[in-house]
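>>> sequence and predicted structure are below.
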Amino acid sequence: MKVPNTLQKLIKNYLLGFENKAEYGTLKKWFEEAEANNMPTDNDIQASQHRILQRLNHSMAFPEPKSIGYRYGIRIAASITIALGFAMGYFYYQHAVFDKIAPAQVAMIHPVQENVQLTFEDGAVVILNNQGKATQAIEGVQEIKNGELVYNDNANHIVQNTLSTPRGQLFKIVLPDGTKVWMNANSSLSYPSKFIGPERLVELHGEAYFEVSKNPEQPFIVKTTDQQVKVLGTHFNINAYDNDLTTQTTLVEGKVEVQHQQQKILLTPNQQANFKGTALSKKNVDAAEYITWREGYFTFHNATANEIMQQLARWYDLNVRLDDSEINERFSGKINKQMNLQEILTVLQTAGLNFDIVQNKNQQKTILLKN
């Protein structure tokens, strides 16, 4: 069974436990269609079937609808197991023959040095480099300088733009209404070159901190995969990475309304809305602790080992893989990003996390978490 290139990343995310609902649906559909014509041999699946079965037995995050019978669900699980076993066997043979990296080499791993991208609705892409220069003129842009993109409100043509930050980079944008947005690594923000109509709508994937310009006549709305946040003028942070199980909205100043379908929560300063599964909830927090990423810190709040390593992966060019055992401990703390990777990992080891840093034949580096 040949694994399409477009599915290899989704397969990898599934094994690591990082897939989202859309990715799970795409994989399930492909494996269902492939099972009738592509039956692997026992030798093909022997190397990886055990790991896949473990994931299916205790970690099937997105079950079939209730109307689908139990026997059908078992058949689907079996077909996914067989197909994933073959695909994962292929994937591991190609990518997961690891060599351990010495601490001196780990200390030389730096944040990813990629460029910020601005994508237009027609698919054209403009590269914004570290010097603030762009390869072409951009509708409505006033200036690009020192890691900051500033719009004015004088665009002749209204076009939809998407600003994307890579791993290892932060970026600031001033929207056409004067709203300031700080974007964390591996995030994207879609917005128009000029706001018209009854609302100011933007869409976020990843994490960003907003300082919204007040305009009672035109509410500002941030849409994520699972919710929307409505404000008039306020300061708040949204953490909404697509592969995270929880979306967090933390209010620093003003008021916001967080909504998922018919559920609504009103936040006041130092409150946080959490969306997980199908439910919204809120709690009191120290909001300042949730925006320290803007100042160059990794901050963890009762975080799992997986969540901690995902933060590192968004800053460095790293993959993360858990072993077969459960890691139940949770951690809280703050680490300065100015430390090199080896120093950061030493701090985490002192806190009780155990792992190896390895790389495969393609020089892709992975953190192997262990109990």
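Arrived safely.
>>> C-alpha only now, for contacts and for neighbours.
OK.
>>> next, count neighbours for residue 306.
17 (other Cα atoms under 10 Å).
>>> which helix or which strand is home to it?
Per DSSP states H and E, residue 306 falls inside helix 305-315.
>>> list the contacts of that helix.
For helix 305-315, the surrounding residues in contact (Cα atoms under 8 Å, 6 or more residues apart in numbering) are 111-112, 167-169, 185-186, 298, 300, 318-320, 322, 327, 329-331, 353, 367, 369.
>>> please apply the same query to stretch 342-352.
The contact list for stretch 342-352 (Cα under 8 Å, 6+ apart) reads 103, 104, 106, 107, 331, 335, 355.
>>> shaky segments in the stretch 51-200 of the chain?
The stretch 51-200 of the chain contains residues with pLDDT under 70 at 51-98, 129-137.
>>> let's see that with 80 instead.
Scanning the stretch 51-200 of the chain for pLDDT under 80 picks out the ranges 51-99, 101-105, 107-114, 128-147, 154-156.
>>> give me the distance between the two termini of stretch 217-230.
This stretch, stretch 217-230, spans 13 Å end to end (Cα to Cα, to the nearest Å).
>>> please read the previous query as pertaining to stretch 349-369.
Stretch 349-369 end-to-end distance (Cα to Cα) = 11 Å.
>>> now it: average pLDDT?
For stretch 349-369, the mean per-residue pLDDT is 78.
>>> which helix or strand contains residue 26?
Element membership for residue 26 (DSSP H and E) is helix 21-35.
>>> state the mean pLDDT of that helix.
pLDDT averaged over helix 21-35 gives 64.
>>> still on that earlier bit, for ChimeraX, write a command that selects the buried ones of the contacts of helix 305-315.
Restricted to buried positions by 16 or more other Cα atoms under 10 Å, the ChimeraX selection for these reads:
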select :111,112,167,168,169,185,186,298,300,318,319,320,322,327,330,331,353,367,369
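>>> list buried residues within the contacts of stretch 342-352.
106, 331, 335, 355.
>>> quick check, nearest of the contacts of stretch 342-352 to residue 209?
residue 335 (19.4 Å; Cα to Cα).
>>> got a pLDDT number for that closest one?
87.
>>> repeat that for the one 4 residues further on.
What the model reports for residue 339 is a pLDDT of 80.
>>> now render the buried ones among the contacts of stretch 342-352 as TSV, adding secondary structure and distance to residue 123.
Shown next, in TSV, are those (DSSP: H, G, I helix; E, B strand; the rest coil; distance: Cα to Cα, whole Å):
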residue	secondary structure	distance to residue 123
106	helix	37
331	strand	41
335	strand	38
355	strand	41
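>>> farthest-separated two in those?
Taking Cα to Cα as the measure, those span a maximum distance of 22.6 Å, between 106 and 331.
>>> report the contact partners of residue 152.
140, 141, 142, 175, 176, 177, 178.
>>> ignore what I typed, I meant residue 202.
189, 190, 191, 192, 221, 222, 223.
>>> the last one reaches residue 229, doesn't it?
Yes. Under the contact definition of Cα atoms under 8 Å, residue 223 touches residue 229, with a separation of 6.5 Å.
>>> on that earlier part again, in a markdown table, list the contacts of residue 202 along with neighbour count.
Below are these laid out as a markdown table (neighbours: other Cα atoms under 10 Å):
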| residue | neighbour count |
| --- | --- |
| 189 | 23 |
| 190 | 21 |
| 191 | 19 |
| 192 | 21 |
| 221 | 20 |
| 222 | 20 |
| 223 | 20 |
